[in-house]
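Visitor: One predicted model, sequence on top.
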Amino acid sequence: MSEQELEPREDVPRDEETPVEPAAVEPVAQAEPAPAPAPVPAAEADPYPPYIPKPPAPPVAAAVEELAPKLAAGEEPGDDRHWYVVHCYSGYENKVRHNLEQRIDTMGMKDKIFDVVVPTEEEIEVRDGRRRTVERRVFPGYILVQMILTEDSWYVVRNTPGVTGFVGMGNDPTPLRPEEVAQIIKRMEAEAPRVKVTYKAGQKVRIIDGPFNDFIGTVDEIDMERAKVRVMVSFFGRETPVELDFLQVEKA
């Protein structure tokens, strides 16, 4: 090859190299730090604790539980309320109470007449050799009314159907004394039911319980406080006194 061919030719243009710009690097976004957890408040007391129902009470016991605090409430400071005894038709005490309560509502007398009560107590009676517990009114033919005595309140009570009048002198009702209210409460709160005695001294009775069962005797004495009766029984031709419970005998 000749020297001319080896020498580079200046008339031949060379490809100019285009400078390559480096690719732009996008900044990596940094994750924001997670917010700190909110502080957990201390446990608060439940404002509505679970309701635990009471065992059902016997009818009379429930009535005593409701009425005794009302009777014991007495008078309030600066208040002229008292308990009064109102006479009504015997056997219609609950009906009269209902009528009076309706009149109190309809005539707007709740600020003068506060409560109406028919005192009751439990009683055991023996009939045909069987015992049964009954609810007996403490004062048959009467109801108790707690009220402030005015002309209007007197009119509302006195003109209630079934009411025949107040207990007192003439038209001046007499309020119950505190000791009388306490006595009523004591009778209503008696734990043991009273025993209804259908016989009296000198009458023939039949013994229905115990070693003298089916014996006929005569009532000699009745002890109401101890609920005992002494009966004279003919035993081997001799009159022998036997002390028994009220529930061990019945009228012959």
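Guide: Perfect, I can see it now.
Visitor: where does the stretch 51-200 of the chain have low pLDDT?
Guide: 51-78, 127-129, 190-192 (pLDDT under 70).
Visitor: can you map out the helices along it?
Guide: All helices of the stretch 51-200 of the chain, identified by DSSP state H, counting those that start in this stretch, fall at 59-73, 93-106, 151-158, 178-188.
Visitor: Run through the neighbouring helices and strands of the last one.
Guide: Here helix 178-188 is seen to pack against helix 59-73, strand 120-127 when contacts are counted using 3 or more Cβ pairs under 8 Å, 6 or more residues apart in numbering; DSSP states H and E. In this view, the C-beta of every residue, glycine as well, is placed from N, C-alpha and C.
Visitor: Restrict the shortest one to CA atoms and write it as CSV.
Guide: Just to be clear, that refers to strand 120-127. Output of strand 120-127 as CSV, limited to C-alpha atoms (Å, rounded to 0.1, in the frame of the first residue of the first chain):
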residue,chain,number,x,y,z
THR,A,120,-103.6,-3.6,105.1
GLU,A,121,-102.0,-6.6,106.9
GLU,A,122,-101.7,-10.3,106.3
GLU,A,123,-103.9,-12.6,108.2
ILE,A,124,-104.1,-16.4,108.4
GLU,A,125,-107.5,-18.0,108.8
VAL,A,126,-108.5,-21.6,109.2
ARG,A,127,-111.6,-22.7,107.3
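Visitor: Next, the buried residues of that strand.
Guide: For strand 120-127, burial by neighbour count (16 or more other Cβ atoms under 10 Å) applies to 120, 121, 122, 123, 124, 125, 126.
Visitor: which neighbours does that strand have in its sheet, and in what orientation?
Guide: Sheet pairing of strand 120-127 (DSSP bridges) gives strand 130-137 (antiparallel), strand 194-195 (parallel).
Visitor: Point out the most buried one among those.
Guide: Greatest average neighbour count among the strands paired with strand 120-127 goes to strand 194-195 (a mean of 17), per mean count of other Cβ atoms under 10 Å.
Visitor: what lines up beside the helix or strand that that one is followed by in the sheet?
Guide: Later in the chain than strand 194-195, the nearest helix or strand by DSSP states H and E is strand 204-207. Using DSSP bridges, strand 204-207 pairs in its sheet with strand 216-223 (antiparallel), strand 249-251 (antiparallel).
Visitor: Any chance of JSON lines for the ones you listed, columns mean neighbour count, mean pLDDT and distance to residue 232?
Guide: Converted to JSON lines, these look like this (neighbours: other Cβ atoms under 10 Å; pLDDT from 0 to 100; distance: least, Cβ to Cβ, whole Å):
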{"stretch": "strand 216-223", "mean neighbour count": "16", "mean pLDDT": "92", "distance to residue 232": "5"}
{"stretch": "strand 249-251", "mean neighbour count": "20", "mean pLDDT": "85", "distance to residue 232": "12"}
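Visitor: got a markdown table for those strands, with distance to residue 240 too?
Guide: A markdown table is the format used below for these (distance: least, Cβ to Cβ, whole Å):
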| stretch | distance to residue 240 |
| --- | --- |
| strand 216-223 | 9 |
| strand 249-251 | 15 |
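Visitor: Residue 181: which of those strands is closest?
Guide: Of all the strands paired with strand 204-207, strand 216-223 sits nearest to residue 181, with 27.8 Å by Cβ to Cβ.
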